[in-house]
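Enquirer: Sequence first, then the predicted structure:
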Amino acid sequence: MAVYEHGYRRYQGAVTAAWQRLLILPHYAYKDAFQSKFLVMFFALGFVPPLVGSVLIYLHDNLDAMKILEIDLDKLFTIGPAFFGTFLEIQTQFFAFFLTMFIGPGLISRDLANNGLALYFSRPLSRTEYVIGKLLVLVILLSLVTWVPCLGLFFMQANLEGWSWMVSNLRIAVGIFIGSWVWILLISLLGLALSALVRWRAVAGLGMLMVFMVGGLFGLMFKEFFKTDWGYIFNLGQLTKIVFAQLLGTELPEGPPPFAAWVAIVSFMAFCVFVLDRKLRAYEVVT
């Protein structure tokens, strides 16, 4: 082939859509994370409580099965907002939290430690798209263990009870969906912010745990010294419980009023976004 035929030629193939470029980040993040057998086992374990819940719902609505087992489930619990709220708290504040603590700290810290942001941003990928792509890693995974199985329980109960039950209890489904997303965004942004601040994965994971522990201890100390529940404004776990209770219509736990809880959670999310904006700056190291 002649030399002049080796000149530059514009690419003529199909161009990947902008939104599809983001998916490459979750693809490789999952490929790396799920090499851990512990993570695979813990993720699978996250579906055990919903499975137990589905059995309880079935038994509660199946009179024949209850007679055979000689158990009066109506005296033990009722299928209502408190029932779904219990499973929502288990899925969010335990399984979703520890999944984020395991995966989140390494999402950005590795790129910063190896000065890899310049390589990302030299491609058709903006800073915002980079953050969204990293956020999708957690959002997709946490959705699978929070609102997806919890709504599955709701629709199972609706299928057994009928259309009228679903309409009269629609607030539960809305509360599960919104509450799950509040928690997912909260801990996902926290995980990414700590990953950007601390380049050691283990330290970042410990820092995520400390944020909740220190906030909880401070809230208890504030309550004891000043005899007020406003100290819980620093306890992210308690704030989300207040939000869950408001959304589901259950009894509010100790702490500030729901409006203050919403303001505190949104403010914390905004602070995490601010941290990401300040830390994610690409630069080239010249040697």
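Expert: On my side now, so go ahead.

Enquirer: From now on I want contacts and neighbour counts done on CA atoms only, so please keep to that.
Expert: Noted.

Enquirer: spatially speaking, which residue is in the middle of the chain?
Expert: When Cα atoms, centre = their mean is applied to the chain, the residue found nearest the centroid is Ile184 (2.5 Å).

Enquirer: so which strand or helix has it?
Expert: Assigned by DSSP states H and E, Ile184 belongs to helix 170-197.

Enquirer: Check Asn115 too.
Expert: Going by DSSP H and E, Asn115 is not in any helix or strand.

Enquirer: Near it, how many other residues are there?
Expert: 15 (other Cα atoms under 10 Å).

Enquirer: Dihedrals phi and psi, it?
Expert: Torsion angles at Asn115 (phi, psi; degrees, to the nearest 10) stand at phi 50, psi 40.

Enquirer: Roughly how far does it sit from His60?
Expert: Counting by Cα to Cα, to the nearest Å, the gap from Asn115 to His60 is 56 Å.

Enquirer: Just checking, which helix or strand succeeds the helix holding Ile184 along the chain?
Expert: helix 201-226.

Enquirer: What helices and strands are in contact with that next one?
Expert: helix 97-103, helix 105-113, helix 170-197, helix 236-248 (3 or more Cα pairs under 8 Å, 6 or more residues apart in numbering; DSSP states H and E).

Enquirer: packing partners for the second one?
Expert: Of the remaining helices and strands, those touching helix 105-113 by 3+ Cα pairs under 8 Å, 6+ apart are helix 170-197, helix 201-226.

Enquirer: Out of these, which is the most enclosed?
Expert: Ranked by mean neighbour count under mean count of other Cα atoms under 10 Å, these are led by helix 170-197, which reaches a mean of 23.

Enquirer: Show the average pLDDT along that helix.
Expert: Regarding helix 170-197, the rounded mean pLDDT is 95.

Enquirer: report the angle between the axes of that helix and helix 236-248?
Expert: Relative orientation of helix 170-197 versus helix 236-248 (axes from the mean of the first three to the mean of the last three Cα atoms, to 10 degrees): 160 degrees.

Enquirer: on that earlier part again, with distance to Val266 added, can I get the helices and strands packed on helix 105-113 in a markdown table?
Expert: Converted to a markdown table, the helices and strands packed on helix 105-113 look like this (distance: least, Cα to Cα, whole Å):
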| stretch | distance to Val266 |
| --- | --- |
| helix 170-197 | 8 |
| helix 201-226 | 16 |
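
Enquirer: can you pull the contacts of Pro149?
Expert: 47, 50 (Cα atoms under 8 Å, 6 or more residues apart in numbering).

Enquirer: May I have the helix or strand hosting it exported as PDB, CA atoms only?
Expert: Using DSSP H and E, Pro149 sits within helix 147-161. These are the backbone C-alpha positions of helix 147-161, laid out as PDB (Å, rounded to 0.1, in the frame of the first residue of the first chain):
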ATOM      1  CA  TRP A 147     -36.300  -0.300  47.300                       C
ATOM      2  CA  VAL A 148     -36.400  -3.100  44.700                       C
ATOM      3  CA  PRO A 149     -36.900  -6.000  47.200                       C
ATOM      4  CA  CYS A 150     -39.000  -3.800  49.600                       C
ATOM      5  CA  LEU A 151     -41.300  -2.800  46.800                       C
ATOM      6  CA  GLY A 152     -41.400  -6.500  45.800                       C
ATOM      7  CA  LEU A 153     -42.800  -7.200  49.300                       C
ATOM      8  CA  PHE A 154     -45.400  -4.400  48.900                       C
ATOM      9  CA  PHE A 155     -46.700  -5.700  45.600                       C
ATOM     10  CA  MET A 156     -46.700  -9.300  46.900                       C
ATOM     11  CA  GLN A 157     -49.000  -8.100  49.700                       C
ATOM     12  CA  ALA A 158     -51.100  -6.100  47.200                       C
ATOM     13  CA  ASN A 159     -51.500  -9.100  45.000                       C
ATOM     14  CA  LEU A 160     -52.800 -11.200  48.000                       C
ATOM     15  CA  GLU A 161     -55.000  -8.500  49.400                       C
END
